[in-house]
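>>> one predicted model, sequence on top.
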Amino acid sequence: MERTDVTKWIRFSTGAASEFGTLADDVIHVHKGDMFGISQPTGALLPLDSVRVDMPCIPSKMIALWNNSYLVAAAQSLEIPKEPLFFIKPVNSYTGQNAVVEHSASVG
């Protein structure tokens, strides 16, 4: 059963700029201000299917602990390291919902 008393915030783009608002019944109620601070509805309404859904927030780099990936290591027949290993995902490795992942020309 879906809760109806929870406000659903959404980030979206209709062009180059990212905007935000609340989502109710596939309609976005556009807001201005700070999504995580003080915001106000603008009165503008947009159908959900007329926008590109963006990630919920603007990401920074992700630093992760490789050692949490034991199943990956086992699948690749890799030895489990004695010391923790970290990896970094840069900000340009994220994408929004249903976005096409583009490879650089150097990737086959």
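Thanks, I have it.
>>> in this structure, which residue is closest to the centre?
Note on the chain: the residue nearest the mean C-alpha position is residue 55, at 2.7 Å, using Cα atoms, centre = their mean.
>>> where exactly do the helices run in the chain?
Along the chain, counting by DSSP state H, helices occupy 70-75.
>>> which one's the longest strand in it?
Longest among the strand segments of the chain by residue count, using DSSP state E, is strand 39-47.
>>> just the buried residues of that strand, please?
Going by neighbour count (16 or more other Cβ atoms under 10 Å), the buried part of strand 39-47 is residue 46. Where C-beta positions appear, they are placed from N, C-alpha and C, glycine not excepted.
>>> what are the pairing partners of that strand, and which direction each?
Looking at strand 39-47 with DSSP bridges, its partner strands are strand 27-33 (antiparallel).
>>> let me see the residues that make contact with the lowest-mean-pLDDT helix or strand in the chain.
Every helix and strand in the chain was compared by mean pLDDT, DSSP states H and E; the lowest is helix 70-75, with a mean of 79. Defining contact as Cβ atoms under 8 Å, 6 or more residues apart in numbering, one finds that helix 70-75 is touched by 78, 79, 80.
>>> any chance of TSV for those residues, columns neighbour count?
Shown next, in TSV, are the contacts of helix 70-75 (neighbours: other Cβ atoms under 10 Å):
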residue	neighbour count
78	12
79	6
80	11
